[in-house]
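> Sharing a model that was predicted from the sequence below.
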Amino acid sequence: AKLLKIQVALFALDVWFAAERTKQLLCYVKCRKRMKMVSRLMRFAVETPELLDDIAIPDTRTRNADPCTAKGCKWPKSGCFVNVPYEISSDFSQTQRKFIIDGLKRFHGLTCIRFVPRTFRHRDYIHFFSGNGCWSYIGRQDGGQKISLQKNGCLYGSTVQHEVLHALGFNHEQVRSDRDKYVWIRYQNIKKGKEHNFDKKQTNNLGTPYDFTSVMEYDNKAFSKNGKPTIVAKCNPNLKFGHAKQMSVNDIARVNKLYKCYNQKFMV
Ligand SMILES: [Zn+2]
């Protein structure tokens, strides 16, 4: 009887240990989930990051324009296509949501980029929301990255394409490494404090020419303090530009070259 008592006591102890371990495991899973949620919330807590005009600056400060595409800020290719997961905030109405999706679909017919609705399996993705103005990061960032399309003011086909091109790794036309061959920057006409928008970057131009019809080209009077042009075309000083309604042939060619979209259909 004594032995039986001891056996029962040992069994009860086993059960207790098992229950404790399960509790600990459950707590661990819960804690990890909570930690993940907290870190996600923290990432999205900053509604408007530091901006250089419409380009958001990552906290790490290690990346700038196009050169990052040589160091891993391109979106990865899987088979023949580059899948870019996205999600659209409930800030937008169904009509606005459809407008953004239609803008993304424009890339599908012209490039090997495929915007796919984000699932839990996707670590890196684009989150469209209606923030303060229209802005985007340049290239793929780690984890979710935002593109702000303010409801009143950014829902234009050209703006959606412009901000998405930033996220794919492209910079403004007037900061290209070879821009001095094509344009004069009139610093004397630029508003004080806005000169940085014209800083030249070591971009990879992918063998495409400077394009005044690019959706990434600024207005020739961008950031003007006196109504006079800030960017002047060397080929024709009276040329007015920066009003593209959609991606130009060169904008599309650049996407296809950067992401090596070899399908004949996409080659421009
Ligand atoms: Zn921009």
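Good, I have the coordinates.
> Show me how far whichever strand or helix holds residue 101 is from its chain's centre.
In the assignment (DSSP states H and E), residue 101 maps to helix 94-110. Between the mean C-alpha location of helix 94-110 and the chain-wide mean there is a distance of 16 Å, by CA atoms, centre = their mean, to the nearest Å.
> do the same with stretch 149-166
On the basis of CA atoms, centre = their mean, stretch 149-166 sits 12 Å off its chain's mean C-alpha point.
> Now the terminal residues of that stretch, how far apart.
Across stretch 149-166, the straight-line distance between its terminal residues is 13 Å, by CA to CA, to the nearest Å.
> So residue 55 sits against residue 139, correct?
No: at 10.6 Å, residue 55 does not count as touching residue 139 under the criterion of CB atoms under 8 Å. Placement of C-beta: from N, CA and C, glycine included.
> Looking at these two, which is more packed in?
Looking at residue 55 and residue 139 with other CB atoms under 10 Å, you find the greater number of neighbours at residue 139, namely 25 against 20.
> can you pull the contacts of that one?
63, 68-69, 73-74, 167-169 (CB atoms under 8 Å, 6 or more residues apart in numbering).
> Can you show me the strands along the stretch 151-268 of the chain?
Taking DSSP state E, counting those that start in this stretch, the strands of the stretch 151-268 of the chain run over residues 183-185, 231-233.
> tell me the mean pLDDT over the first one?
Read it as strand 183-185. Mean pLDDT, strand 183-185: 97.
> Can you list the strands that that strand pairs with?
Paired with strand 183-185 in the same sheet, following DSSP bridges, are strand 231-233 (antiparallel).
> which other residues reach stretch 101-108?
For stretch 101-108, the surrounding residues in contact (CB under 8 Å, 6+ apart) are 86, 88, 113-115, 157, 160-161, 164, 246-247, 255.
> re earlier: let's have the strands of the stretch 151-268 of the chain in a markdown table, adding mean neighbour count.
As requested, the strands of the stretch 151-268 of the chain are arranged in a markdown table below (neighbours: other CB atoms under 10 Å):
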| stretch | mean neighbour count |
| --- | --- |
| strand 183-185 | 19 |
| strand 231-233 | 20 |
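> for these, which one sits closest to residue 204?
For the strands of the stretch 151-268 of the chain, the distance to residue 204 is smallest for strand 183-185, at 18.7 Å, taking CB to CB.
> So residue 213 sits against residue 241, correct?
Yes: counting by CB under 8 Å, residue 213 touches residue 241, with 7.2 Å between them.
> and those two? which has more neighbours close in?
More neighbours surround residue 241 than the other of residue 213 and residue 241, with 20 against 17 (other CB under 10 Å).
> Next up, the contacts around the more buried one.
Residues in contact with residue 241 (CB under 8 Å, 6+ apart) are 212-213, 217, 219-220, 231, 233.
> What does the pLDDT read for the closest residue to residue 126 other than its chain neighbours?
Closest residue to residue 126 in three dimensions, ignoring its sequence neighbours and counting by CB to CB, 6 or more residues apart in numbering: residue 86, at 4.5 Å. As predicted, residue 86 sits at a pLDDT of 98.
> Neighbouring strands - and their directions - for the longest strand that the chain contains?
Selection of the longest strand in the chain by residue count, based on DSSP state E, yields strand 81-88. Strand pairing for strand 81-88, using DSSP bridges, gives strand 77-78 (antiparallel), strand 113-117 (parallel), strand 125-129 (parallel).
> Mean neighbour count, those: which tops it?
When you average the neighbours per residue for each of the strands paired with strand 81-88 (mean count of other CB atoms under 10 Å), strand 125-129 leads with a mean of 22.
> so what's the nearest residue to residue 165 once chain neighbours are set aside up against?
In space, not counting the residues next to it along the chain, residue 165 is nearest to residue 216; the distance is 6.0 Å by CB to CB, 6+ apart. Applying CB under 8 Å, 6+ apart, we find residue 216 in contact with 162, 165, 170-173, 251.
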